[in-house]
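J.: what's the 3D shape of this:
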Amino acid sequence: MTTLQTVFEKARAEKRAALVGYLPAGFPSARGAIAAATTMVEGGCDVIEIGLPYSDPLMDGPTIQDAVHRALVNGTRIADVLRTVEAVAATGAATLVMTYWNPVDRYGAERFARDLAAAGGAGTITPDLTPEEAGPWLEASAAAGIDTVFLVAPSSTDARIEKVVRCCTGFVYAASLMGVTGARETVSAAAEGLVKRTREHTTLPVCVGLGVSNGAQAAEVAAYADGVIVGSAFIRRLLDAPDEASGLAAVRALAEELAAGVRA
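T.: A predicted model of the protein is given here:
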């Protein structure tokens with residue numbers, strides 16, 4: 001299993017930011033998600049976030065909601081998510097699960113952590129789990145040997161940032177703006193300040209997500225962050241493609257563009 005620590009150490013040695021790509025399991029199909037995520041790795045992604053499809057994705061914008069809805073219609077379950085993680089982790093990329101808390105809680109925290117580790121998963125991102133309620137999950141993750149990633153936002157006070165980063169072991173996810181996910185024409189100016197404030201409270205890598213859609217934006221974020229997170233832009237390539245082969249080609253081209261950007 002590739003760990004987040006080894007990924008960020010390698011990126012630092014190469015004097016660049018890490019590239020993190022997101023895709024929900026089961027989209028555009030079970031096999032299609034594995035093919036797309038593998039293509040993202042081949043194109044230059046260091047870390048892959050596999051989304052666990054959920055019926056009430058509060059943080060996600062319309063592009064990801066569309067993909068998640070299709071995954072749910074396809075009948076995607078946690079077992080499918082774990083199979084996707086296993087296949088993607090086999091590429092050598094550090095592979096995380098991005099999930100809302102309710103599915104994990106229903107599955108069982110200890111069981112989920114154990115099964116994710118067995119599948120080769122490096123950890124989780126839990127956008128709606130607060131530090132005040134994270135105790136059982138932190139214990140389960142530590143016992144299974146997987147990392148935990150929590151989010152800070154531009155609205156987070158310094159006291160809140162300090163509390164959040166104490167729950168993190170892999171990296172800190174800095175949401176570049178308030179609101180839902182989605183590719184944008186510009187990256188929020190608040191992102192750089194948020195990274196700076198977060199680094200005052202932790203030595204962990206700080207990765208920026210929400211809004212990055214092209215190589216120029218990736219280069220902009222890579223100038224001050226340890227990692228650049230891209231999700232909606234990859235999904236949009238698949239949604240707009242007339243067939244699977246075209247979608248994979250578009251995903252590869254975007255990954256290569258973004259990989260060049262984080263190295264610029």
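
J.: Pull out the buried residues from stretch 92-104.
T.: 93-101, 103-104 (16 or more other C-beta atoms under 10 Å). Placement of C-beta: from N, CA and C, glycine included.

J.: which residues of the stretch 101-250 of the chain score low on pLDDT?
T.: Residues of the stretch 101-250 of the chain that meet the criterion pLDDT under 70 lie in 177-188.

J.: could you redo the last one with a cut-off of 50?
T.: 178-184 (pLDDT under 50).

J.: Please enumerate the helices of the stretch 1-150 of the chain.
T.: 4-13, 30-43, 62-73, 78-89, 101-107, 109-118, 135-144 (DSSP state H, counting those that start in this stretch).

J.: quick one on the thing from earlier: Serialize the buried residues of stretch 92-104 to a markdown table and add fields for distance to Glu42.
T.: Listed next are these as a markdown table, based on distance: C-beta to C-beta, whole Å:
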| residue | distance to Glu42 |
| --- | --- |
| Ala93 | 10 |
| Ala94 | 15 |
| Thr95 | 14 |
| Leu96 | 18 |
| Val97 | 21 |
| Met98 | 21 |
| Thr99 | 25 |
| Tyr100 | 29 |
| Trp101 | 32 |
| Pro103 | 29 |
| Val104 | 30 |
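
J.: Mind picking the two most distant members of those?
T.: Within these, Ala93 and Trp101 form the most distant pair, 24.5 Å apart (C-beta to C-beta).

J.: Select, out of the helices of the stretch 1-150 of the chain, the one closest to Pro53.
T.: Of these, nearest to Pro53 by C-beta to C-beta is helix 62-73, at 4.1 Å.

J.: Only the buried residues of that closest one, if you could.
T.: Within helix 62-73, the residues scored as buried using 16+ other C-beta under 10 Å are 63-68, 70-72.

J.: show me the contacts for Ala122.
T.: Applying C-beta atoms under 8 Å, 6 or more residues apart in numbering, we find Ala122 in contact with 1-4, 47, 89, 94-96, 146-147, 170.

J.: so how far is Val149 from Lys15?
T.: Relative to Val149, Lys15 is positioned 23 Å away (C-beta to C-beta, to the nearest Å).
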